[in-house]
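A.B. asks: fold the stuff below for me.
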Amino acid sequence: MTSDSADQPAGYAEALAELDRLLIDLDDDEIDIDLLSTKVARAAVLIEFCRARIHHAQLEVSTIVTELDTNEPGD
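C.D. replies: Numbering: from 1, shown residues only. This next block holds a predicted model:
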């Protein structure tokens with residue numbers, strides 16, 4: 001699932017905050033049924049965005065740790 005770059009949040013914290021707001025809306029028993037699919041679709045975009053950011057951070061941390069391990073004193 002992809003989205004227009006204009007719809008992308010500025011960062012992880014912004015995406016998470018928007019996702020929190022959407023979840024509150026979706027949890028409301030009186031949610032407008034006409035908005036339900038739109039909100040669920042937006043939540044899916046935000047979840048995908050957050051997962052990608054987490055994955056990228058994991059790769060960066062792994063790279064840094066590997067570099068530290070290969071550059072230990074005494075090598």
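A.B. asks: and what about Val45, helix, strand or coil?
C.D. replies: Look at Val45: counting by DSSP: H, G, I helix; E, B strand; the rest coil, its state is helix.
A.B. asks: the residue nearest in space to the middle of the chain and Val61, how far apart?
C.D. replies: The centre of the chain sits closest to Cys50, judged by C-alpha atoms, centre = their mean, with a distance of 1.0 Å. For Cys50, the distance to Val61 (C-beta to C-beta, to the nearest Å) stands at 16 Å. Where C-beta positions appear, they are placed from N, C-alpha and C, glycine not excepted.
A.B. asks: centre of the chain versus the strand or helix carrying Val65, how much separation?
C.D. replies: Taking DSSP states H and E as the definition, Val65 sits inside helix 33-70. Centroid separation between helix 33-70 and its chain, computed with C-alpha atoms, centre = their mean, to the nearest Å, is 4 Å.
A.B. asks: which other helices and strands does it contact?
C.D. replies: helix 12-27 (3 or more C-beta pairs under 8 Å, 6 or more residues apart in numbering; DSSP states H and E).
A.B. asks: and Gly11, how far from Glu60?
C.D. replies: Gly11 is 15 Å from Glu60, by C-beta to C-beta.
A.B. asks: got the buried residues for stretch 47-61?
C.D. replies: Neighbour-count burial for stretch 47-61, with 16 or more other C-beta atoms under 10 Å as criterion, is recorded at 49-50, 53.
A.B. asks: can I get stretch 49-58 as CSV, trimmed to CA atoms?
C.D. replies: Extracted as CSV, the C-alpha positions of stretch 49-58 are listed here (Å, rounded to 0.1, in the frame of the first residue of the first chain):
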residue,chain,number,x,y,z
PHE,A,49,4.8,4.4,7.4
CYS,A,50,5.7,3.7,11.1
ARG,A,51,6.7,0.1,10.3
ALA,A,52,9.0,1.4,7.5
ARG,A,53,10.6,4.0,9.9
ILE,A,54,11.1,1.3,12.6
HIS,A,55,12.7,-1.1,10.0
HIS,A,56,15.0,1.7,8.8
ALA,A,57,16.1,2.5,12.3
GLN,A,58,16.7,-1.1,13.1
